[in-house]
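J.: give me a model of this one.
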Amino acid sequence: MRQVVTTRNGGVEVLRVEEKPDPHPGPGEVVVTVRAAGLNFADILARQGLYPDGPRKPCVMGYEVAGVVEQVGEGVDSNLVGVPVIALTRFGGQSDKVVVQEKQLFEKPDSLTFEQAAAIPVNYLTAYALLVVMGGLRKSEAVLIHNAGGGVGLAALEIAKHIGAVTYGTASPSKHDFLRERGLDHPIDYRTQDWLPVLKQLTGDRGVELVIDPIGGSHWRKSYQALRHTGRLGMFGVSIASANGLTGKFKLLKAAVQMPRFHPIGLLNKNRGVFGLNLGHLWHEPEKIVEWVQALMEGVQEGWIRPHVDRAFPFEQAGEAHTYIESRKNIGKVVLVP
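T.: Take a look at the predicted model:
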C-alpha cells in the first residue's frame, strides 16, 4: 500500500509517499480501501512539530477516510465487504488502505461522493459538538464563526442555519460572496479592519450568544469580549501558532503566554461561559460519536448538510495541499486521494 509519510518535523519537503506492506484485519477490525482521506490543520501542525497529540515521526497522519470495505476480521459480518463507508482513524488515514475497528465505521450515504464523505467526520463532528452539544445554540440566537470559509466554518454555518440562528462570520473578502450563497447573514472582513467593532455595530453593541474560535492566544480574549450576557465561547484550536522550525515554537509559546485566564467570579458577574473542544481526546466516548454521526447523517438525508470540497490533491501533491491550507486559500474541505 501507499502512504503519505511525515518523515520529520519541517516544511512540506518532509512529506513523502512511501510503499508499505498491505495491512490485515485483526478480530473486530476491517480493512478499508481508501478513496479519499481528509486533510486537517492538525496534520499541518503535526508536520511542523507543534501538535503534541501527534504520533512520533516518521508517521502517517489522517483522522478520517471514505472508501470501500475490502476485508473483515474475526467476528465481523462478512456482508460488510464491498460496502462504501466513512471511517474515523486514529492517525494513519492518509494511506490507500487502513485498518479500523468495526465500531469506527459508518455507511456512506449514496448522495455523497467519496471526497464529500471524507469531509464529514472531523469538520462536522467538531462543528456539531461546538454548536449543539457544548454551545447549546438555539433558534434566533446569534453565533460568530471565525474562519467561516474553512472546513469547520462551513460545517458550523450549515448547522447554525438549520437551527435558525443569526450567523456572523470572519473571512477574507474574496470568500464573502460564496459565504453569502451558503447562507451566512453577515460576513466580516478580518484582514483590513478590526472585526470586533464591526460585530458590535452590527449587533447594536450587544454581541452574540456563541463564538467558536480556532485561532488561540490573545484572540480568545477578544472573542470573549464579543459575547453578550448568557454568551458562550468555544475554543478548539491554536492556528495562530502555525509556522515551521523555531518560529513555530516561538509563536506557540507566545500564544500560550497570551491566552486569557477566565476567573469564576468574572464569569458569574458577566453571565458568560467558556469551554474547550479537542475531538482527538474523545476516542474513549464512542457512544457519543455514534449519536452525533447519526444526527449528521440525518442532515445529509434531509439535504441541509452539503459538504463542500474545495480541492482534491493526489497523494504525490500532499505538500501542495498543505501549502494551500496554510495560505488560507481553501473554502471548505481539502482532501487527499490515492
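J.: contacts for the longest helix belonging to the chain?
T.: The helix that spans the most residues within the chain, counting by DSSP state H, is helix 286-302. Helix 286-302 is contacted from outside by 88, 103-104, 106, 109, 111-112, 120-121, 124-125, 128-129, 132-133, 158-159, 162, 282, 305, using CB atoms under 8 Å, 6 or more residues apart in numbering. (Glycine included, C-beta is placed from N, CA and C.)
J.: again, but for stretch 271-284
T.: Taking CB under 8 Å, 6+ apart as the rule, stretch 271-284 contacts 42, 53, 63, 90, 122, 125-126, 129-130, 134-135, 224, 227, 229-236, 262, 267, 288-289.
J.: list buried residues within these.
T.: 42, 63, 122, 125-126, 129-130, 134-135, 224, 227, 231-236, 289 (16 or more other CB atoms under 10 Å).
J.: okay, and which of these map to strands?
T.: The members of these that map onto strands under DSSP state E are L227, G231, R232, L233, G234, M235.
J.: could you dump those into CSV with pLDDT added?
T.: Below are these laid out as CSV (pLDDT from 0 to 100):
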residue, pLDDT
L227, 98
G231, 98
R232, 98
L233, 98
G234, 98
M235, 97
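J.: what's the weakest-modelled helix or strand in the chain?
T.: Here the helix or strand of the chain ranked lowest by mean pLDDT, DSSP states H and E is helix 245-258, holding a mean of 79.
J.: tell me the buried residues in that helix?
T.: G248, K249, K251, L252, A255.
J.: tell me if I'm right that the first one and S239 touch.
T.: What it means is G248. No. Here G248 does not reach S239: they are 11.5 Å apart, not a contact under CB atoms under 8 Å.
J.: domain ranges for the chain?
T.: Domain ranges of the chain: 2-120+307-337, 122-280, per automatic domain parsing.
J.: a markdown table please, covering the ones you listed and showing distance to M297.
T.: Below are these laid out as a markdown table (distance: least, CB to CB, whole Å):
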| stretch | distance to M297 |
| --- | --- |
| domain 2-120+307-337 | 6 |
| domain 122-280 | 10 |
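J.: okay, Y168: pLDDT?
T.: If you check Y168, the pLDDT there is 98.
J.: that one bridge partners, please.
T.: L144, H186 (DSSP bridges).
J.: that one against A142, yeah?
T.: Yes. Using CB under 8 Å, Y168 makes contact with A142 at a distance of 6.6 Å.
J.: between the two, what contacts are shared?
T.: T203, V208.
J.: distance-wise, check the residue nearest to Y128 when sequence neighbours are not counted relative to K270.
T.: Nearest residue to Y128 in three dimensions, chain neighbours excluded: W292, at 5.2 Å (CB to CB, 6 or more residues apart in numbering). Using CB to CB, to the nearest Å, W292 is found at 30 Å from K270.
J.: with neighbour numbers in mind, choose between these two.
T.: Each of W292 and K270 has its neighbours counted (other CB atoms under 10 Å); W292 has more, 20 against 15.
J.: ok so, going back, just the residues contacting the least confident helix or strand of the chain, thanks.
T.: Residues contacting helix 245-258 (CB under 8 Å, 6+ apart): 9-10, 48-50, 216-218, 221, 238, 240-243.
J.: quick one: residues contacting K200.
T.: So K200 contacts R206, G207, A226 (CB under 8 Å, 6+ apart).
J.: next: A37.
T.: Shown in contact with A37 (CB under 8 Å, 6+ apart): G62, E64, V65, G93, Q94, S95, A118, V335, L336, V337, P338.
J.: I145 too?
T.: Here I145 is in contact with G153, A156, L157, A160, T167, Y168, G169, T170, L184, I212 (CB under 8 Å, 6+ apart).
J.: pretty sure the last one sits in a strand.
T.: Okay, so that is I212. Yes. Membership of I212 in a strand is supported by DSSP: H, G, I helix; E, B strand; the rest coil.
J.: sorry, back to before: filter the contacts of K200 down to the buried ones.
T.: Buried members of those, scored by 16+ other CB under 10 Å, are G207, A226.
J.: need the contacts of K200 in a markdown table (columns: pLDDT and distance to D77).
T.: A markdown table is the format used below for the contacts of K200 (pLDDT from 0 to 100; distance: CB to CB, whole Å):
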| residue | pLDDT | distance to D77 |
| --- | --- | --- |
| R206 | 96 | 54 |
| G207 | 98 | 51 |
| A226 | 98 | 49 |
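J.: for V211, list the residues it contacts.
T.: V143, L144, H146, S223, Y224, A226, L227, G231, R232, L233, G234.
J.: which stretches of the stretch 1-150 of the chain form strands?
T.: Listed in chain order, the strands found in the stretch 1-150 of the chain under DSSP state E, counting those that start in this stretch are 2-6, 15-19, 29-39, 64-72, 84-88, 97-101, 105-107, 142-145.
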